[in-house]
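Asker: sequence plus predicted model, see below.
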Amino acid sequence: MKALAHLNKYLVKYKWYLILGTLFTIISNLFGIIPAQVVRHALDLVSDTLDIYFLLEGAAIQAKLYDVFAFSILLYGLLILIMALLKGVFLFLVRQTLIVMSRHIEYDLKNEIYAHYQTLPLSFYRRNNTGDLMARISEDVSKVRMYVGPSIMYGINLITLFILVISYMVSVNAKLTFYVLLPLPVLSISIYVVNNIIMKRSEALQAQLSNLSTYVQESFSGIRVIKAFVKERQQFHEFVVQSNDYRNKSLKLTLVDSLFYPFIVVLVGLSNVLIVYVGGQEIMAGRLTPGNITEFILYVSMLTWPVMALGWTTSQTQRAAASQQRINEFLTTKTDLVSTKNLEKEIEGSIVFKNINFVYPDTGIKALKNFNLNVKAGETVAILGTTGSGKSSVANLLTRLYDPTEGEILIDNIPLKEYQLQSLRRQTGYVPQDVFLFSDTIGANIAFGDTHIPFEKIEQAAKDADLYTNIIGFSEGFETKVGERGITLSGGQKQRLSIARAIVRDPKILILDDCLSAVDTHTENTILTNLQRIMNHRTSVIISHRVSSAKLADFIVVLDEGMIVEQGTHDQLIEKGGIYKELYDKQLQTEEV
């Protein structure tokens, strides 16, 4: 229960739902108990009246006695009907309070988890896979809701019903009460054990179904490869193996389900047999009436489901505690990317890297070693290097997706850590190496950074990114849906859309992280020509492995294994005849070919 203590703040927040739900539960149970007592009185009335009725046979008063008797039975019947209707009304109110409370808590908890996810650094997402993140905000929260909803509701119902029913049963006849309740603990424990077996087998079945679905999906997705390598028979054999495993797990679950309900019926029937046997002895001894026996049978029926629910509730509570523990693991994870002064100011754009060493916290890879860089406001710097040289790490540090392991980064001579994080990122345009587009329209994807951007600016950004011609070629223009992850666009179109999304915000610092790798040389020249106007009076960082991307830069930095090996202007580096000239000559020859 320690893990579930996190939910107490929500129970306090929605305390009136809980209080009213408890009150309605008590009232609904009262309306359930009264009919049993009415039935007892009705049966006793029938038993007592029948003897008198037959004694008065042939007398004039017999007809009047019958009328009074029939009217009394009608009243009892109407009273039972009214009680049943009232119980139904209050059961509805119970669900409208306790179950509605659970839905509110589920909503708040999901929002809390999602909002917390947004604050966590990029290293957190590299350590945890997306499926696990989704499971905690969906499956785990659903299990927790079963605790704050049905489990609490059935728990309150069980407590109130036990107090009301058993106290009354004991007051009528303690001996009969003892025998009646004897099978019920066995029923509850059995349900708890069987329910755990069912849940474990259900989870195993769901896991196998997931494996089977994944296998089929991969087979269909890779059908061309399967046919090309003539692996149809082997794939079918593997499918049969997976399918047989699923069938066997299904049969095991069905076996437990088949035994579950007959076992419950036997135990409930045993209680009724004990009532009739022990109750019959009590009637013969003159301590009970036939109406009491019927009343006790109704009480057993009322207690059966709450006792069954006790085992189910206990199991659900354990599952909820395990799920909440998993949720708490992430909620207690705090970001280390905090602002020291929460400084919000309009930046000019000068950048200084001082003795930066950077090791990725999740992998231990040393990306940058003694990295120093000084970029004046309005300048353009190109950072070149081969794959794995540390180029993208510079962008990650500059956008503060990570903090350097050693050293300091300054923007306008103010430490990066002093800026309010959102304020800094709002003034930075970042085009990542791996383009991600949302399942929305082209226009919405371009305006993603600011939904209030005028359409004219969106249109101009598309033109600057050399995407406008492609967009107007689509039947729906800027309202064209790009599909999941932009699947309907080519690689080059996605990169150009990502560039448009960055420049439409009119950022003070523009970072282009190898964003032209999927476009041809002609398109690259067009985009760079357009960017030359955009980069004017704006600090720009061009990260690339292609020398052609560096032609707009005021100076160039060449990285190798996280260290600066060369820096200077294009002409200076060509004259030096080092790594940069070697890259330039190779790429020039490739373009000529």
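Answerer: Here it is on my side, so go on.

Asker: quick one: the strands in the stretch 151-300 of the chain?
Answerer: With strands called from DSSP state E, counting those that start in this stretch, the stretch 151-300 of the chain shows none.

Asker: tell me where the model's unsure across it.
Answerer: 206-207, 210 (pLDDT under 70).

Asker: contacting residues around L384?
Answerer: 391, 544-545, 547, 550, 556-559, 580, 583 (C-beta atoms under 8 Å, 6 or more residues apart in numbering). Every residue, glycine included, has its C-beta placed from N, CA and C.

Asker: same thing but at 10 Å, please
Answerer: By C-beta atoms under 10 Å, 6 or more residues apart in numbering, L384 lies in contact with 391, 542-547, 549-550, 553, 556-560, 566-567, 573, 579-580, 583-584.

Asker: of these, which belong to helices?
Answerer: 391, 573, 579-580, 583-584 (DSSP state H).

Asker: before we move on, the earlier item: now which of the contacts of L384 would you call buried?
Answerer: With neighbours counted by 16 or more other C-beta atoms under 10 Å, those contain buried members at 391, 542-544, 546-547, 549-550, 553, 556-559, 566-567, 573, 579-580, 583-584.

Asker: and those, which of them are in strands?
Answerer: Among these, the members falling in strands (DSSP state E) are 542-544, 556-559, 566-567.

Asker: now, among the residues you listed, which is nearest to L421?
Answerer: Nearest to L421 among those: I543, at 21.5 Å, using C-beta to C-beta.

Asker: and that closest one, how far is that from L384?
Answerer: Here I543 is placed at a distance of 8 Å from L384 (C-beta to C-beta, to the nearest Å).

Asker: need the overlap of contacts for the two.
Answerer: 391, 549-550, 557, 559.

Asker: which two from those end up farthest apart in space?
Answerer: Across these, the longest distance by C-beta to C-beta is 14.2 Å; it joins S549 and L559.

Asker: regarding the protein, what is its longest helix?
Answerer: helix 232-284.

Asker: could you check the distance from the closest residue to V504 other than its chain neighbours over to Q493?
Answerer: What sits nearest to V504 in space, not counting adjacent residues and going by C-beta to C-beta, 6 or more residues apart in numbering, is A461, at 3.8 Å. Using C-beta to C-beta, A461 is found at 14 Å from Q493.

Asker: when those two are compared, which one has more neighbours?
Answerer: A461 (25 against 22; other C-beta atoms under 10 Å).

Asker: quick check: the more buried one vs R538, distance?
Answerer: With C-beta to C-beta as the criterion, A461 and R538 are 14 Å apart.

Asker: likewise for N211?
Answerer: Taking C-beta to C-beta, one finds N211 at 51 Å from R538.

Asker: three-state assignment of S439?
Answerer: Three-state call for S439 (DSSP: H, G, I helix; E, B strand; the rest coil): coil.

Asker: counting neighbours, what do you get for it?
Answerer: 13.

Asker: and what of Y277?
Answerer: Applying other C-beta under 10 Å, we find 12 residues neighbouring Y277.

Asker: is it correct that it is in contact with Y179?
Answerer: Yes - if you go by C-beta atoms under 10 Å, Y277 and Y179 touch, sitting 8.2 Å apart.

Asker: what sits against the most centrally placed residue in the chain?
Answerer: Nearest residue to the geometric centre of the chain (C-alpha atoms, centre = their mean): I137, 2.1 Å. Listed by C-beta under 10 Å, 6+ apart, the contact partners of I137 are 109-114, 116-117, 327, 330.

Asker: filter these down to just the buried residues.
Answerer: 109, 112-113, 116-117, 327, 330.

Asker: what residues go with each domain of this structure?
Answerer: Listed domain ranges for the chain are 1-172, 343-427+509-593, 440-506 (source: automatic domain parsing).

Asker: follow-up on the earlier one: adding pLDDT, secondary structure and distance to P432, write the buried ones among the contacts of I137 out as JSON lines.
Answerer: Shown next, in JSON lines, are the buried ones among the contacts of I137 (pLDDT from 0 to 100; DSSP: H, G, I helix; E, B strand; the rest coil; distance: C-beta to C-beta, whole Å):
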{"residue": "L109", "pLDDT": "95", "secondary structure": "helix", "distance to P432": "31"}
{"residue": "E112", "pLDDT": "94", "secondary structure": "helix", "distance to P432": "28"}
{"residue": "I113", "pLDDT": "93", "secondary structure": "helix", "distance to P432": "25"}
{"residue": "H116", "pLDDT": "92", "secondary structure": "helix", "distance to P432": "23"}
{"residue": "Y117", "pLDDT": "90", "secondary structure": "helix", "distance to P432": "19"}
{"residue": "I327", "pLDDT": "88", "secondary structure": "helix", "distance to P432": "30"}
{"residue": "F330", "pLDDT": "88", "secondary structure": "helix", "distance to P432": "24"}
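
Asker: now render the residues you listed as JSON lines, adding distance to E408.
Answerer: JSON lines is the format used below for the buried ones among the contacts of I137 (distance: C-beta to C-beta, whole Å):
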{"residue": "L109", "distance to E408": "39"}
{"residue": "E112", "distance to E408": "34"}
{"residue": "I113", "distance to E408": "34"}
{"residue": "H116", "distance to E408": "29"}
{"residue": "Y117", "distance to E408": "29"}
{"residue": "I327", "distance to E408": "36"}
{"residue": "F330", "distance to E408": "30"}
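
Asker: relative to R533, which of those residues is nearest.
Answerer: Nearest to R533 among the buried ones among the contacts of I137, with distances taken as C-beta to C-beta, is Y117, at 38.4 Å.

Asker: how about that closest one, what does it touch?
Answerer: Y117 neighbours (C-beta under 10 Å, 6+ apart): 124-125, 128, 133, 136-137, 330-331, 333.

Asker: against H537, how distant is Y430?
Answerer: Counting by C-beta to C-beta, the separation of Y430 from H537 is 19 Å.

Asker: make that L288, sorry
Answerer: Distance of L288 to H537, computed by C-beta to C-beta: 99 Å.

Asker: Y430 and H537 - which one has more neighbours?
Answerer: Taking other C-beta under 10 Å, Y430 and H537 do not tie; Y430 has more neighbours (23 against 9).

Asker: now do the contacts for S544.
Answerer: Counting by C-beta under 10 Å, 6+ apart, S544 touches 382-385, 391, 433, 512-517, 524, 550, 553.

Asker: swap the cut-off to 7 Å and go again
Answerer: Each residue near S544 by C-beta atoms under 7 Å, 6 or more residues apart in numbering is listed here: 382, 384, 514, 516, 550.

Asker: tell me what it is bridged to.
Answerer: For S544, the beta-bridge partners under DSSP bridges are L384.

Asker: ok, residues contacting stretch 154-168?
Answerer: 22, 25-26, 29-30, 33, 177, 299, 302-303, 306, 309-310, 313.

Asker: what about that stretch, distance to the chain center?
Answerer: Centroid displacement of stretch 154-168 relative to its chain, using C-alpha atoms, centre = their mean, to the nearest Å, is 35 Å.

Asker: what comes up buried for that stretch?
Answerer: Buried residues in stretch 154-168, counting neighbours by 16+ other C-beta under 10 Å, are found at 154-158, 160-162, 164-165.

Asker: could I have the CA atoms of it written out in CSV?
Answerer: Taking Å, rounded to 0.1, in the frame of the first residue of the first chain, the C-alpha atoms of stretch 154-168 are listed here in CSV:
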residue,chain,number,x,y,z
TYR,A,154,-16.6,-3.2,-3.6
GLY,A,155,-14.5,-2.8,-0.5
ILE,A,156,-16.9,-0.2,1.0
ASN,A,157,-19.8,-2.3,-0.1
LEU,A,158,-18.3,-5.4,1.6
ILE,A,159,-17.6,-3.6,4.9
THR,A,160,-21.1,-1.9,5.2
LEU,A,161,-22.9,-5.1,4.1
PHE,A,162,-21.0,-7.3,6.6
ILE,A,163,-21.7,-4.9,9.4
LEU,A,164,-25.4,-4.6,8.6
VAL,A,165,-26.1,-8.2,7.7
ILE,A,166,-24.0,-10.1,10.1
SER,A,167,-24.9,-8.0,13.1
TYR,A,168,-28.6,-8.6,12.3
